[in-house]
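Engineer: here's a sequence, model it:
(chains A and B)
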Amino acid sequence: MIEAVKLCKNFKDKKRGDIHAVDNVTFSCKPGEIYGLLGANGAGKTTTLRILATILAPSSGTANVAGFDVVREPQKVRARVGFLSTATALYDRLTAAETVEYFGQLFGLDSATIQRRTNELFKALDMDEFRDRRCAKLSTGMKQKVSIARTLIHDPPVMIFDEPTNGLDVMAARSITDFIRQCRDRGKTVIFSTHVMTEAEKLCDRIGIIHAGRMRAEGSLEQLRQNYGKDSLEEIFVEASGDAQ
Amino acid sequence: MNLRNALIVYRKELRDMLRDKRTIRSMVIMPLVAFPLLFLGIGYISAEFSGEAKTEIAPVMIHGGEDSPKVLAALHDLAGIHIVPYRDDAIREVSDKKIRAVVEIPPGFDAAINSRQPKNISIGYFENNDKSEEAESKIETFFEKYRDQVVRAELAARGLPANLMDPFTVKSKNVASASQVGAALFGGWIPYLIIIFSFTGATYPAMDMAAGEKERGTMETILCSPISRTDIVMGKFLMVVTASVVTAVLSLISLGVSFAWAKPKLLAAAHSTFQMSIEPSTVAVVVVMLLPLAILFASMLLAVSLLAKSFREAQTYIGPMTFIVIAPAIIGALPGVELNWKTALVPILNTSLVSKEIIAGSYPWLYIAAIFGMTCVYATVGIATAVAMFNREDILFRA
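Structural biologist: This next block holds a predicted model:
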């Protein structure tokens, strides 16, 4: 379960002054649900997700992730979250297996559990072939699989994906979207950000349109269509974002 | 800090670093290859050039002496020089290194000796030119012996004993131990080398683990894990200290082995009987003294590297830092710079000077305790700074 209430994040910039990257953002996401955060570049999606993953602290407001407050208990939150984004790269000089093992250790798992989970994940993701190959030598698709295994090693109840298909080819992107569906089917709480409308249409149970740090519209695809009187999510997105300008 | 978590990060960083060719190059190969090559080079060059000066038959011109056949004949018989016909530009010939020296014999030299009138012989040579100095030395020694012969002949003619010339003798004897002699000569440079190598050994790993990780995007990956940021930075910090100490120790071992191996060749080339030895236990004490300094370097480098967004940016910050470290280390190695309460307050310089004292065999315990304690305080402040910076979003996610 994720519950964000009036989340704000302000930055100071020498040239631009105070920047409200996230401005009073409120939304929630239940287990077994995919929540899509839709926004243009610089809308505040990444900052919001980083706050939920406790990589950044909110300036004000609060968020509860898997039963823990992101400000008061960030380590407990992180222990229950799998965070995947194009910004979370892999260590070039570690092999696929070593990477997953390292994160298993960081998540406090014992050796036997790490071994068991690694074998399960490598089999499920068809990774055995490149198990002992260093990450630097892997293709983009293979790297994404390693990243997925890394985020799943501790079997977290909450998954956060920040533009996970950005820069991937069709096949690699498809494997990611399949994986996101599987997470929902296993009852995990899933939130992901994207600026690709088709991805959001195909995957999301509910969508939040974020623009200039503020939540402009929220609801299921059907609800958004009804509210805006338009069929296309792209049209809805443009209108919701345009309302703000 | 959770030690278990910090050690997980440390072990990963160690594995990562050991697979990095650039780290291996700066941490292991450079110290293990550079010193033997350096000494091999110095040994070869010394043997070549120093030996050449000793064995050369030096071309020498003589001005005057036409009316003094005795001294002229003796000079012609002198081994190691070869008399060439005198020319008016003899001085220029010396400065052009065509001849090694020019000897000026005053008119009536032989006659002046017989009439006991002092005369002055002058030798023109090229100062600091090995071959010219060697020729000058041979000629000067020749004239000293020639003068003794004259005096002894005079004494014999008067029926006086020859030992009248030597009522007593003076013999100088080195009373310092070989280790003290070694310390006086090289004592300042050993801490200098350890300081430089511990700093350079820490530089690359610190940049790679802070700015490098930011640039590659792996920093955000590790921040997703549930361990605290303090544990992450401490794991990285321990790795930088390891790299620093390993580089310094390997450099010292390489330096010691290379020097021991090259010493006989160097001494033979210099025709020296110089003895030197520094006890390994002394070096161990110096390494212990330098440990908090290595910790200080590691924390400083990590903190500065964290400021940078990229490896290249980190290099521009750390470049000037190198001068800040090298300057006091060099000052500490200079002869005449002594340990006192003023110099004891200057970081790096104080450790360098106290290490010099330890190598020289004196253990100024008050200074040792004060400087060790002071450096530990600096190191603690350095670690606290690195930890504080690692907990700052504006530094980790600097746009």
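Engineer: phi and psi next, for residue 166.
Structural biologist: By default, I'm working from chain A. Main-chain dihedrals, residue A:166, degrees, to the nearest 10: phi -60, psi 120.
Engineer: wrong chain, I was asking about chain B
Structural biologist: Per-residue torsions, residue B:166: phi -120, psi 70 (degrees, to the nearest 10).
Engineer: which SS state does the residue of chain A found nearest chain B fall under?
Structural biologist: Using Cβ to the nearest Cβ, the single residue of chain A nearest to chain B is residue A:89, 3.4 Å away. All C-beta atoms are positioned from the backbone trio N, CA, C, and that covers glycine. Following DSSP: H, G, I helix; E, B strand; the rest coil, residue A:89 is assigned to coil.
Engineer: give me the pLDDT for the residue lying closest to it once chain neighbours are set aside.
Structural biologist: Counting by Cβ to Cβ, 6 or more residues apart in numbering or on different chains, residue A:89 lies nearest to residue B:217, which is 3.4 Å off, once chain neighbours are set aside. As predicted, residue B:217 sits at a pLDDT of 88.
Engineer: I figured residue B:217 hits residue A:88, correct?
Structural biologist: Yes - with contact defined as Cβ atoms under 8 Å, residue B:217 and residue A:88 form a contacting pair (6.6 Å).
Engineer: what about the two, which has more around it?
Structural biologist: Between residue B:217 and residue A:88, counted using other Cβ atoms under 10 Å in any protein chain shown, residue A:88 has the larger neighbour count: 22 against 14.
Engineer: right, and the more buried one touches residue B:220 too?
Structural biologist: Yes - counting by Cβ under 8 Å, residue A:88 touches residue B:220, with 5.1 Å between them.
Engineer: how about the contacts made by the residue nearest to residue A:89?
Structural biologist: Residue B:217 makes contacts with A:86-89, as judged by Cβ atoms under 8 Å, 6 or more residues apart in numbering or on different chains.
Engineer: how far away is it from residue A:83?
Structural biologist: The spacing between residue B:217 and residue A:83, counted by Cβ to Cβ, to the nearest Å, is 13 Å.
Engineer: which residue is the nearest non-sequential neighbour of the most centrally placed residue in chain A?
Structural biologist: The residue lying closest to the centre of chain A (Cα atoms, centre = their mean) is residue A:161, at 1.7 Å. Nearest residue to residue A:161 in three dimensions, chain neighbours excluded: residue A:192, at 3.7 Å (Cβ to Cβ, 6+ apart).
Engineer: in which helix or strand would I find that neighbour?
Structural biologist: Under the criterion of DSSP states H and E, residue A:192 resides in strand A:189-194.
Engineer: for the residue nearest in space to the middle of chain B, which non-adjacent residue is spatially closest?
Structural biologist: The centre of chain B sits closest to residue B:189, judged by Cα atoms, centre = their mean, with a distance of 4.9 Å. Using Cβ to Cβ, 6+ apart and skipping residues adjacent in sequence, the residue nearest residue B:189 is residue B:333, 5.2 Å away.
Engineer: low-confidence ranges in the stretch 51-200 of chain B?
Structural biologist: Along the stretch 51-200 of chain B, segments meeting pLDDT under 70 span B:51, B:178-180, B:182-186.
Engineer: just give me the neighbour total for residue 197.
Structural biologist: Using chain A. By other Cβ under 10 Å, the residues close to residue A:197 number 18.
Engineer: my question was about chain B
Structural biologist: Neighbourhood size, residue B:197 [other Cβ under 10 Å]: 27.
Engineer: mind checking the SS state of it?
Structural biologist: Here residue B:197 takes the helix state, with states given by three-state DSSP.
Engineer: next, the buried residues of stretch A:151-171.
Structural biologist: Neighbour counts using 16 or more other Cβ atoms under 10 Å in any protein chain shown place A:151-154, A:156-165, A:168 of stretch A:151-171 among the buried residues.
Engineer: need the max-distance pair from those.
Structural biologist: Using Cβ to Cβ, the buried residues of stretch A:151-171 span at most 25.6 Å, a distance reached by A:157 and A:168.
Engineer: how many degrees apart are the lengthiest helix in chain A and strand A:189-194 in direction?
Structural biologist: Longest helix in chain A by number of residues, with DSSP state H as the criterion: helix A:170-185. Helix A:170-185 and strand A:189-194 are oriented at 150 degrees to each other (axes from the mean of the first three to the mean of the last three Cα atoms, to 10 degrees).
Engineer: show me the contacts for the residue of chain A closest to chain B.
Structural biologist: If you count contacts by Cβ under 8 Å, 6+ apart, residue A:89 has them with B:216-218, B:220-221.
Engineer: rebuild those as CSV, extending it with distance to residue B:41 and secondary structure.
Structural biologist: As requested, the contacts of residue A:89 are arranged in CSV below (distance: Cβ to Cβ, whole Å; DSSP: H, G, I helix; E, B strand; the rest coil):
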residue, distance to residue B:41, secondary structure
B:216, 39, helix
B:217, 44, coil
B:218, 41, helix
B:220, 47, helix
B:221, 46, helix
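Engineer: which ChimeraX command selects the buried ones in these?
Structural biologist: Per 16+ other Cβ under 10 Å, the buried members of the contacts of residue A:89 correspond to this ChimeraX selection:
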select /B:216,218,220,221
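Engineer: what's the closest of the contacts of residue A:89 to residue A:11?
Structural biologist: For the contacts of residue A:89, the closest approach to residue A:11 (Cβ to Cβ) belongs to residue B:220, at 16.7 Å.
Engineer: would you mind measuring from the closest one to residue A:5?
Structural biologist: For residue B:220, the distance to residue A:5 - Cβ to Cβ - is 25 Å.
Engineer: so which elements touch the helix or strand containing residue A:148?
Structural biologist: With elements taken from DSSP H and E, the one containing residue A:148 is helix A:140-152. Counting by 3 or more Cβ pairs under 8 Å, 6 or more residues apart in numbering or on different chains; DSSP states H and E, the packing neighbours recorded for helix A:140-152 are strand A:81-85, helix A:96-106, helix A:111-124, helix A:170-185.
Engineer: tilt between it and helix A:96-106?
Structural biologist: The directions of helix A:140-152 and helix A:96-106 differ by 20 degrees, with the same axes, to 10 degrees as the criterion.
Engineer: hmm, who's touching whatever helix or strand comes next after helix A:140-152?
Structural biologist: Of the helices and strands lying after helix A:140-152 in sequence (DSSP H and E), the nearest is strand A:158-162. Strand A:158-162 is contacted from outside by A:1-2, A:45-46, A:49-50, A:52-53, A:65-66, A:80-87, A:151, A:176, A:180, A:183, A:188-193, using Cβ under 8 Å, 6+ apart.
Engineer: what strands line up against strand A:158-162, and which way round?
Structural biologist: Strand A:158-162 sits in its sheet next to strand A:81-85 (parallel), strand A:189-194 (parallel), going by DSSP bridges.
Engineer: so residue A:209 touches residue A:218, yeah?
Structural biologist: Yes - with contacts counted by Cβ under 8 Å, residue A:209 reaches residue A:218, the gap being 7.3 Å.
Engineer: who has more neighbours, these two?
Structural biologist: Using other Cβ under 10 Å as the criterion, residue A:209 and residue A:218 rank with residue A:209 on top: 28 against 20.
Engineer: quick check, that one in a strand?
Structural biologist: Yes - under three-state DSSP, residue A:209 sits within a strand.
Engineer: and the residue of the stretch 51-200 of chain B closest to chain A?
Structural biologist: residue B:200 (21.5 Å).
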